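Asker: Just the structure for this:
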Amino acid sequence: MGFAKAIIRKAVAGFIPAPREVIGAGTALVDGTIAPTWDWKHIPDLFSGKEDMPGMNIQVAATLDGDIAAVGPFAVHGARHDAFAFEASGLKGILAGIHAAADLGYVGVEGIDIVPVKRLAAGKLDECQTEFNVAFSKIRAAVERAVAHLKTWRMLSEEGGRFRPPIEKFEETLQAITGLMFFSTYE
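Answerer: Here you go, the predicted model:
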C-alpha cells in the first residue's frame with residue numbers, strides 16, 4: 001500500500017497549484033485542524049488537549065470564497081499549537097509574499113498579517129474592536145468551510161476512523177490526498 005501512495009503522490013504532485021494561482025491578489029485565510037491518529041504511546045506529543053484526541057496538526061490556507069489554496073505538506077504532532085505548526089508544516093514558506101489572516105491562535109506569528117483583537121485579561125474591547133472581531137469572524141468562516149472540505153477525505157476525518165499505519169507514513173498520505181484533492185477540484 002505504501003508503494004501505491006508514493007506513486008499517487010508523485011503522479012498528482014503536478015496538479016497542486018501555487019497558492020497565488022488560487023488566491024489571486026487576495027488574502028489567504030489560515031487555520032489548523034487535527035486529523036485523528038491511533039494513540040501510539042511511544043510517540044510523544046500526539047495528543048491534542050484542545051481536541052481531546054491524538055492526531056496530527058494540518059495547516060490549511062483558503063481563499064475568501066472558501067476554496068483551498070494550499071495545505072502544509074508536513075503534518076505536526078497534535079500537541080503543538082497552530083502558531084508553531086504554521087511554520088513547521090511548511091505553509092509559512094508556501095505563502096511567502098501573500099497576505100494572510102488567521103484566528104487568535106496565530107497572534108504574533110510572522111507571516112500572519114491580520115488577527116482578531118485580543119481582549120486583555122482585565123479589560124474589555126471597545127465597540128469598534130468588537131465590531132471588527134465580529135466582521136472578521138464572518139470572513140474567517142470561509143477557511144472553516146475549506147477545512148471541512150479537506151476533511152471529507154476519510155483518512156483525515158473523525159468519521160473515517162483514525163490513521164492506523166505507522167505515523168511516518170502520515171506525510172506521504174497527506175501529500176497524496178492534497179494532490180488528489182486539487183486534481184479532482186481543478187481538473
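Asker: so who does residue 109 touch?
Answerer: 83, 86, 87, 102 (CB atoms under 8 Å, 6 or more residues apart in numbering). C-beta coordinates here come from the backbone N, C-alpha and C atoms, glycine included.
Asker: buried residues in stretch 11-23?
Answerer: Under the neighbour-count criterion of 16 or more other CB atoms under 10 Å, stretch 11-23 has 12, 15, 16, 19, 22, 23 buried.
Asker: right, and the second one touches residue 183 too?
Answerer: Yes: taking CB atoms under 8 Å as the contact criterion, residue 15 and residue 183 are neighbours in contact, 4.2 Å apart.
Asker: most remote residue from the protein's center?
Answerer: In terms of distance from the mean C-alpha position of the chain, residue 122 ranks first, at 31.7 Å (CA atoms, centre = their mean).
Asker: Roughly how far does it sit from residue 8?
Answerer: 53 Å (CB to CB, to the nearest Å).
Asker: Please apply the same query to residue 39.
Answerer: From residue 39 across to residue 8, the span is 27 Å (CB to CB).
Asker: Tell me the secondary structure at residue 58.
Answerer: Going by DSSP: H, G, I helix; E, B strand; the rest coil, the secondary structure assigned to residue 58 is strand.
Asker: Contact partners for it?
Answerer: Residue 58 is in contact with 32, 33, 34, 35, 71, 72, 75, 89, 150, 156, 174, counting by CB under 8 Å, 6+ apart.
Asker: follow-up on the earlier one: let me know the closest of the buried residues of stretch 11-23 to residue 165.
Answerer: The nearest member of the buried residues of stretch 11-23 to residue 165, counting by CB to CB, is residue 12 at 19.0 Å.
Asker: Assumed that closest one was part of a helix.
Answerer: Yes: according to three-state DSSP, residue 12 belongs to a helix.
Asker: wouldn't it be in contact with residue 180 here?
Answerer: Yes: using CB under 8 Å, residue 12 makes contact with residue 180 at a distance of 5.4 Å.
Asker: Using a markdown table, lay out the contacts of residue 109 together with neighbour count and pLDDT.
Answerer: Below are the contacts of residue 109 laid out as a markdown table (neighbours: other CB atoms under 10 Å; pLDDT from 0 to 100):
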| residue | neighbour count | pLDDT |
| --- | --- | --- |
| 83 | 18 | 96 |
| 86 | 28 | 98 |
| 87 | 16 | 97 |
| 102 | 26 | 97 |
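Asker: will you turn these into CSV that also has distance to residue 136 and secondary structure?
Answerer: Formatted as CSV, the contacts of residue 109 follow (distance: CB to CB, whole Å; DSSP: H, G, I helix; E, B strand; the rest coil):
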residue, distance to residue 136, secondary structure
83, 18, helix
86, 18, helix
87, 22, helix
102, 10, coil
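Asker: For these, work out which two are farthest apart.
Answerer: Farthest pair in those, by CB to CB: 87 and 102, 12.6 Å.
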